[in-house]
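Asks: Just a sequence and a predicted model for now, questions to come.
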Amino acid sequence: MILTWLISLLLFAAPAPAPQAEEDVDVAGIIFEHIGDEYEWHILTWGDKHVILHLPVIVHGSTGWHVFSSKHLEHGESYEGLVIDPEKGKIVEVDSGKRPFDISITKNVLSLMMSSLLLLVVVLLTARWYKKHDVLNEAPTGIAALMEPLVMMVHDIARENIGEEDYRRYSPYLCMAFLWILFNNFLGIMPFFPGGANLTGNIAITLVLALCTFFTVNLTGTKHYYKDIFWPDVPGFLKPIMPIIEVFSAFMKPVSLTVRLFANMLAGHIMILCMVCIIFIMAKYGAVLTGSMTVVSVLFGIFLDALECLVAFIQAYVFTTLSSIYIGLARAHGE
Amino acid sequence: MNLVTPDTGLLFWMVVIFGLVFLLLWKFGFPIITSMVEKRNRTIEKSLKDAKEVEAQMSAMVAEHAQMLEDARKEQAQILREAADTRSKLIADAKDQAREEAAKILADARAEIEAEKEAALRDVRKEVAVLSVSIAEKILRKELSEDKEQREYIDRMVDETVREQAQS
């Protein structure tokens, strides 16, 4: 996987700077192209040919709904009064320069759909295996053997942190969050279609995940949990201060969840991309330097990729464990 | 800053898709898997417990068996010893009895022989007396016909008899 990652990155990046070898490589451009969102999916460049998937644009602006292929907006062209802002990279209205309500199927949305579908299929197939087989007489095989340890790991995390009483209610959400993050983290490391979208390194995605945990925690909190926030057992002079701190802490929890996952995944992507870009930055400094730096950056790239595989798992695990701990705190019963 | 501003479109789709997938998996996915695996875990736990119980029972039975064997062996030894005792006692008794019997038989035989001998002697003596009387009769009948000599002879006989009587 790592090798294909490097090779395809070479394919991605090599033809772009090659014709203008005199110019500096636009490292920031390359990196932001990879970690950002786009209205089209640049799958491959083969020589002069670009394999690009044009995704549908769905916007609601001052002139009503517009649904069309993003092909019409290529190279800064305007279509139906809309154009892609070259600075922000987002669709704006030509006349006013305002952002319309934009629910286009972008690269990230398509990736989100595909990975969610993959997760859905995988988990439903696993569930089907358990329906069709007698678990008491057969060891899990195939997809069930693959998924069972992951699902049961999260199930056990839920039991440890939430407690025997009602962990079963929360276990599906935690399983869902864990597997969803894990799938998307690994798809994000995968450098070629259908992976390669930087989904878990996007703050909108991690924000939704963290809000799910936030609402789960605060909508199902026990009386004891709320009493601890608003009227905790502390000396009298602390009584007015504690609710402020507790409420602030309740809102900081999803923020920390959001930023932790987002920043970790984003940083990992940027680091790997930088390692690969070094090769092309060095291209103009002669063969010796380029050659030696290529070896170094490939080795570092391999190292970082392996590290990213680890981080992909750890971040999914951390998000799930923290969510389960927060839920466990909210399910506390008075002693 | 594009990176840290959440994009509305992505937010929208994320909520919709994540929510949809979550609902589907909540209904048809995870609970089935976890309940099945838990069912299996419970069965395994129960089987292990049962196996442990059976093992305990087995070891108890083995101990009991060994105890029974031990008891049986002791009993056997006891029986054998008793049998040996009985045998030797029987033999001794039989010997004693046989000896007594033999002694008794011998004594009886001896007594009988004695009696027989006595009877025989008595018969012989009777015979001898009769014989001697008849012989004496015959002799006397013949000798008493002559005088003097008979007189002398009778005297001598009488003397002898008297002497014998006196001696005995």
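Replies: Good, I have the coordinates.

Asks: residues in contact with A:Phe101?
Replies: The contact partners of A:Phe101, by C-beta atoms under 8 Å, 6 or more residues apart in numbering or on different chains, come to A:Val59, A:His60, A:Gly61, B:Thr8. No exception for glycine: its C-beta is placed from N, CA and C like everyone else's.

Asks: Next, the contact list for A:Ala144, please.
Replies: Residues in contact with A:Ala144 (C-beta under 8 Å, 6+ apart) are A:Thr126, A:Trp129, A:Tyr130, A:His133, B:Ile33.

Asks: sorry, back to before: nearest to A:Ala197, of the contacts of A:Phe101?
Replies: Closest approach to A:Ala197 among the contacts of A:Phe101 (C-beta to C-beta): B:Thr8, at 17.8 Å.

Asks: Return the per-residue confidence for the closest one.
Replies: Looking at B:Thr8, its pLDDT stands at 85.

Asks: Look up how far chain A lies from it.
Replies: Look at B:Thr8 and chain A: by C-beta to the nearest C-beta, to the nearest Å, they are 6 Å apart.

Asks: and if you look at B:Ala66?
Replies: Distance of B:Ala66 to chain A, computed by C-beta to the nearest C-beta: 37 Å.

Asks: tell me which element that residue is part of?
Replies: Assigned by DSSP states H and E, B:Ala66 belongs to helix B:30-143.

Asks: A:Asn264 now?
Replies: helix A:241-281.

Asks: Quick check: A:Ser96 vs A:Ser62, distance?
Replies: 7 Å (C-beta to C-beta, to the nearest Å).

Asks: Point to the residue nearest the middle of chain B.
Replies: Of all residues in chain B, the one closest to the mean position by C-alpha atoms, centre = their mean is B:Ala83, 3.1 Å from it.

Asks: for chain A, what helix or strand is lowest in average pLDDT?
Replies: Here the helix or strand of chain A ranked lowest by mean pLDDT, DSSP states H and E is helix A:2-13, holding a mean of 50.

Asks: returning to what we had before: dump the contacts of A:Ala144 into CSV; add secondary structure as well.
Replies: Output for these, formatted as CSV (DSSP: H, G, I helix; E, B strand; the rest coil):
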residue, secondary structure
A:Thr126, helix
A:Trp129, helix
A:Tyr130, helix
A:His133, coil
B:Ile33, helix
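
Asks: Please name every helix or strand in contact with the helix or strand of chain B with the lowest mean pLDDT.
Replies: The helix or strand of chain B with the poorest confidence is helix B:148-167; it has a mean of 82 (mean pLDDT, DSSP H and E). Applying 3 or more C-beta pairs under 8 Å, 6 or more residues apart in numbering or on different chains; DSSP states H and E, one finds that helix B:148-167 contacts helix B:30-143.

Asks: mean confidence for the helix it packs on?
Replies: Average pLDDT, helix B:30-143: 91.

Asks: Tell me what angle it forms with helix B:148-167.
Replies: Here helix B:30-143 points in a direction 140 degrees away from that of helix B:148-167 (axes from the mean of the first three to the mean of the last three C-alpha atoms, to 10 degrees).

Asks: Chain B versus A:Leu261, what's the distance?
Replies: 13 Å.

Asks: ok, now A:Asn264?
Replies: A:Asn264 is 14 Å from chain B, where distance means C-beta to the nearest C-beta.

Asks: give the contact list for that residue.
Replies: Each residue near A:Asn264 by C-beta under 8 Å, 6+ apart is listed here: A:Val311, A:Gln315.

Asks: and stretch B:25-34, is it in reach of chain A?
Replies: Yes: using C-beta under 8 Å from any C-beta of the partner chain, stretch B:25-34 reaches chain A at B:Leu25, B:Trp26, B:Phe28, B:Gly29, B:Phe30, B:Pro31, B:Ile32, B:Ile33, B:Thr34.

Asks: Let me know the helix or strand that the closest residue to B:Asp7 other than its chain neighbours is in.
Replies: Nearest residue to B:Asp7, sequence neighbours excluded (C-beta to C-beta, 6 or more residues apart in numbering or on different chains): A:Ala204, at 5.0 Å. If you go by DSSP H and E, A:Ala204 is part of helix A:203-219.

Asks: show me where chain A has helices.
Replies: Using DSSP state H, the helices assigned to chain A run over residues A:2-13, A:27-35, A:107-132, A:142-162, A:167-189, A:203-219, A:223-230, A:241-281, A:287-330.

Asks: which of these sits most buried?
Replies: Highest mean neighbour count of these: helix A:167-189, a mean of 23 (counted as mean count of other C-beta atoms under 10 Å in any protein chain shown).

Asks: Report all helices and strands that that helix contacts.
Replies: helix A:107-132, helix A:142-162, helix A:203-219, helix A:241-281, helix A:287-330, helix B:8-28, helix B:30-143.

Asks: what does stretch A:317-334 rub up against?
Replies: For stretch A:317-334, the external contacting residues (C-beta under 8 Å, 6+ apart) are A:154, A:157-158, A:160-163, A:165-166, A:170, A:173-174, A:177-178, A:181, A:209, A:213, A:216-218, A:220-222, A:224-225, A:227-228, A:253, A:257, A:260-261.

Asks: which ones are touching residue 152?
Replies: Here I'm looking at chain A. B:Thr34, B:Val37.

Asks: Let's see that with 7 Å instead.
Replies: B:Val37 (C-beta atoms under 7 Å, 6 or more residues apart in numbering or on different chains).

Asks: just A:Phe248 next, same as before
Replies: By C-beta under 7 Å, 6+ apart, no residues touch A:Phe248.

Asks: A:Lys98 against A:Val92, yeah?
Replies: Yes: counting by C-beta atoms under 7 Å, A:Val92 is a contact partner of A:Lys98 at 6.4 Å.

Asks: hang on, the earlier thing: now render the helices of chain A as CSV, adding distance to B:Ala60.
Replies: As requested, those are exported to CSV (distance: least, C-beta to C-beta, whole Å):
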stretch, distance to B:Ala60
helix A:2-13, 60
helix A:27-35, 69
helix A:107-132, 39
helix A:142-162, 36
helix A:167-189, 40
helix A:203-219, 52
helix A:223-230, 49
helix A:241-281, 57
helix A:287-330, 44
